[in-house]
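Q: sequence plus predicted model, see below.
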Amino acid sequence: MEGFSHILKRQRDFFQTGRTKDVSFRIEALTSLGDMIRSHETDIMTALKKDLNKSDFDSYISEMGILLEEIRFTLKHIRDWTQPRKVKTTMTQLGSKAYIYSEPYGIALIISPWNYPLQLAIAPLIGAIAAGNCAVLKPSELTPETSKLMADLINKTFPEEYVSVVQGDADTTQLLLKEKFDYIFFTGSVSVGKVIMEAAAKYLTPVTLELGGKSPCIVHHDADLKLAAKRIAWGKFINAGQTCVAPDYLYVHKDIKEQFLKTFKETIIDLYEDIVKKGEFTRIVSERHFNRVTGLLSSGEILHGGNYSKDTLTIEPTVLGSVTWDDPVMQEEIFGPVLPVLEYENESAMIQNINDHPKPLALYIFSESKEFQDAILDSISFGGGCINDTVMHLSSPYLPFGGVGESGIGAYHGRGSFDVFSHQKSILKQTTTFDLPFRYPNRKDALKQI
Ligand code: NAD
């Protein structure tokens with residue numbers, strides 16, 4: 001297989017011209033990116049439908065809409081973000097001024113997964129462009145229609161020496177990783193994240209790793225159960241559970257478990273029965289993932305759903321009860337429309353059980369008690385999350401989005417995306433009108449001279 005040094009060489013030459021650093025150039029590029037999305041909405045929806053059976057509504061709110069808002073926000077703030085930031089100086093630096101300059105790293109490699117194939121490739125690209133970098137995108141091979149469309153559109157919108165798309169699988173990515181990039185932004189599984197970090201270590205390339213894991217959703221005895229049921233069902237079953245921050249499992253207080261599950265089942269029927277019947281529910285991306293997720297249905301007992309079709313690769317929204325930590329469904333990130341339910345009575349034991357596992361990417365708390373909310377926030381480390389909602393935290397450009405521990409390194413969105421792709425160059429501008437003597441050797445009287 002041919003390597004990619006030619007793309008890197010062309011991008012490096014282009015970067016050296018300094019054009020990508022010009023703020024007007026960046027603004028023009030971001031505007032073109034927004035126009036590209038807006039003028040191909042139908043093509044994008046069609047590709048997402050073919051790859052994942054995504055509805056137009058989901059494609060808009062979870063892919064294009066998020067990107068357009070991110071572009072709008074970035075364009076609004078970019079002139080401010082690109083200014084050198086003046087910071088304070090210390091007493092010993094009397095007469096000087098201090099600034100932080102944000103400078104682009106150079107060439108960024110962006111590797112993205114299949115679950116939100118457009119959003120998770122383009123959102124980091126917005127940051128890379130805003131910060132003044134060139135970029136190579138490597139979208140997922142499991143969503144070929146969207147990846148191909150993205151390659152075509154990016155090709156028409158940007159010269160290859162500025163932004164280019166490389167299509168292919170793990171082998172292609174491995175070849176790309178042989179090249180020396182200046183930044184690697186990876187979104188995907190924990191196991192591949194480790195592969196990426198190892199490859200990056202060879203050149204000491206800085207990385208952002210947006211990974212996954214099992215995100216708990218706690219429903220306390222004082223929660224508004226009707227609202228909790230609606231917001232959990234939406235966050236879990238959007239994109240058929242193939243969302244990195246979907247509630248992976250429910251941890252429900254014993255006292256309200258029966259009542260909550262009754263409401264939850266009614267809510268699922270209300271929100272999804274029609275969609276499933278009409279064949280409009282998002283499908284599982286591949287047969288391998290379909291077999292993996294259906295294999296987890298043997299854990300515990302099926303409280304709701306459980307039907308699936310190998311022909312259409314769909315699994316209906318499913319709730320599993322009588323599940324224990326030892327069941328297969330609790331051993332890996334589910335990444336499908338299957339929601340196991342654990343119960344707790346003792347809060348400390350519940351917290352301990354979560355803490356005995358890798359730090360989650362997201363955590364959700366449904367409770368009216370500030371004391372309970374604070375106890376969870378104080379005692380469990382996780383990437384980010386919501387109180388009395390699910391998933392919504394990732395759609396705010398004001399909240400940096402990322403994991404901690406095994407769920408990831410670094411965070412982006414909004415100003416965070418600009419910062420991720422910028423090196424912070426610290427500069428002290430010293431005065432030449434006087435020179436304080438006390439730092440120099442052999443000046444025993446230095447302090448007296450101040
Ligand atoms: P994945 O890790 O299998 O693949 C991600 C990318 O890496 C793809 O482009 C793929 O081609 C490439 N890749 C796969 N194997 C590779 C290898 N051995 N060497 C080099 N490159 C390789 O992930 P996926 O299945 O596409 O996505 C699902 C995972 O992504 C889940 O774990 C999910 O939680 C996580 N995810 C995280 C976020 C986030 O923002 N934190 C968002 C979406 C998905």
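A: Here it is on my side, so go on.
Q: show me what from this structure comes close to the ligand.
A: By the rule C-beta under 6 Å from any ligand atom, the part of the chain lying against the ligand is 111-115, 120, 138, 140-141, 169-170, 173-174, 187-189, 192, 195, 210-212, 244, 333, 335, 361, 403, 408. C-betas here are computed from N, CA, C, even on glycine.
Q: what mean pLDDT does whichever strand or helix holds residue 171 have?
A: Taking DSSP states H and E as the definition, residue 171 sits inside helix 170-177. With pLDDT averaged residue by residue, helix 170-177 scores 97.
Q: next: stretch 72-85.
A: Averaged across stretch 72-85, the pLDDT comes to 98.
Q: for it, buried residues please.
A: Neighbour-count burial for stretch 72-85, with 16 or more other C-beta atoms under 10 Å as criterion, is recorded at 73, 74, 75, 78, 81, 82.
Q: next, give me the two most distant ones among those residues.
A: Taking C-beta to C-beta as the measure, these reach their widest spread between 73 and 82, a distance of 14.7 Å.
Q: re the thing from before, nearest to residue 178 among the buried residues of stretch 72-85?
A: Of all the buried residues of stretch 72-85, residue 178 sits closest to residue 74, with 31.5 Å by C-beta to C-beta.
Q: so that closest one belongs to a helix, correct?
A: Yes. In this structure, residue 74 lies within a helix as judged by DSSP: H, G, I helix; E, B strand; the rest coil.
Q: where's the residue nearest to it when sequence neighbours are not counted relative to residue 397, distance?
A: If the residues on either side of it in the chain are set aside, residue 74 comes closest to residue 130, at 5.0 Å by C-beta to C-beta, 6 or more residues apart in numbering. From residue 130 across to residue 397, the span is 12 Å (C-beta to C-beta, to the nearest Å).
Q: looking at it, residue 253 is touching residue 225, isn't it?
A: No. Under the criterion of C-beta atoms under 8 Å, residue 253 makes no contact with residue 225, lying 10.6 Å away.
Q: intersection of neighbour lists for those two?
A: Residues touching both residue 253 and residue 225 (C-beta atoms under 8 Å, 6 or more residues apart in numbering): residue 219.
Q: re earlier: just the ones of the residues of the chain next to the ligand in helices?
A: Secondary structure from DSSP state H places 120, 170, 173, 174, 192, 195 of those in helices.
Q: what's around the fifth one, how many residues?
A: Read it as residue 192. By the other C-beta atoms under 10 Å criterion, the neighbourhood of residue 192 contains 17 residues.
Q: residue contacts, it?
A: Remark: with contacts taken as C-beta under 8 Å, 6+ apart, residue 192 is in contact with 170, 186.
Q: and the pLDDT at it?
A: Listed pLDDT for residue 192 reads 98.
Q: against residue 436, how distant is it?
A: As defined by C-beta to C-beta, residue 192 lies at a distance of 53 Å from residue 436.
Q: for the fourth one, same thing?
A: For residue 174, the distance to residue 436 under the criterion C-beta to C-beta works out to 54 Å.
Q: kindly report the same for the last one.
A: With the distance defined as C-beta to C-beta, residue 195 ends up 51 Å from residue 436.
Q: tell me the one among the buried residues of stretch 72-85 nearest to residue 235.
A: Within the set of the buried residues of stretch 72-85, residue 73 lies nearest residue 235; the separation is 22.7 Å, counting by C-beta to C-beta.
Q: tell me the contacts of that closest one?
A: Contacts of residue 73 by C-beta under 8 Å, 6+ apart are 397, 414.
Q: please apply the same query to residue 178.
A: Applying C-beta under 8 Å, 6+ apart, one finds that residue 178 lies in contact with 3, 4, 199.
Q: list the backbone torsions phi and psi for the second one.
A: According to degrees, to the nearest 10, the main-chain angles of residue 4 amount to phi -120, psi 20.
Q: how near is it to the ligand?
A: Taking C-beta to the nearest ligand atom, to the nearest Å as the measure, residue 4 and the ligand are separated by 13 Å.
Q: got it, and the first one?
A: Here the distance between residue 3 and the ligand works out to 15 Å (C-beta to the nearest ligand atom).
Q: quick one: that residue and residue 172 touch, right?
A: No. The pair residue 3 and residue 172 does not pass the contact test of C-beta under 8 Å, sitting 10.5 Å apart.
Q: quick check: closest non-adjacent residue to residue 336.
A: With C-beta to C-beta, 6+ apart as the measure, residue 293 is the residue that lies nearest to residue 336, at 3.4 Å, once sequence neighbours are left out.
Q: repeat that for residue 341.
A: Using C-beta to C-beta, 6+ apart, the closest residue to residue 341 is residue 250 (4.6 Å).
Q: do the same with residue 420
A: Skipping the residues right next to it in sequence, residue 420 comes nearest to residue 412 by C-beta to C-beta, 6+ apart, at 4.9 Å.
Q: count the residues that sit near residue 61.
A: Per other C-beta under 10 Å, the neighbour tally for residue 61 reads 13.
Q: for residue 135, same thing?
A: A total of 26 residues lie near residue 135 under the criterion other C-beta under 10 Å.
Q: wasn't it part of a strand?
A: Yes. According to three-state DSSP, the state of residue 135 is that of a strand.
Q: who does it bridge with?
A: On the basis of DSSP bridges, residue 135 takes part in beta bridges with residue 108, residue 163.
Q: need the contact list for it.
A: Residue 135 makes contact with 107, 108, 109, 110, 125, 128, 129, 162, 163, 164, according to C-beta under 8 Å, 6+ apart.
Q: now do the contacts for the second one.
A: It stands for residue 108. Per C-beta under 8 Å, 6+ apart, neighbours of residue 108: 124, 128, 133, 134, 135, 136, 181, 182, 183, 184, 185, 421.
Q: before we move on, the earlier item: of the ones in helices among the residues of the chain next to the ligand, buried ones?
A: The neighbour-count criterion (16+ other C-beta under 10 Å) marks 120, 173, 192, 195 among these as buried.
Q: any idea how far the first one is from residue 413?
A: According to C-beta to C-beta, residue 120 and residue 413 sit 12 Å apart.
Q: taking the stretch 1-150 of the chain, what residue is nearest to the ligand?
A: Using C-beta to the nearest ligand atom, the single residue of the stretch 1-150 of the chain nearest to the ligand is residue 113, 3.0 Å away.
Q: excluding chain neighbours, what is closest to that residue?
A: Leaving aside its sequence neighbours, residue 113 sits nearest to residue 188 (C-beta to C-beta, 6+ apart; 4.6 Å).
Q: follow-up on the earlier one: the more surrounded of residue 3 and residue 172?
A: residue 172 (15 against 11).
Q: what's the closest non-adjacent residue to the more buried one?
A: The shortest distance from residue 172 to any residue that is not its chain neighbour, by C-beta to C-beta, 6+ apart, is 6.4 Å, and that residue is residue 166.
Q: tally of neighbours for the one you found?
A: Applying the criterion other C-beta under 10 Å, we find 18 residues in the vicinity of residue 166.
Q: run through the residues that contact it.
A: Contact analysis of residue 166 by C-beta under 8 Å, 6+ apart lists 4, 7, 136, 137, 138, 172, 176.
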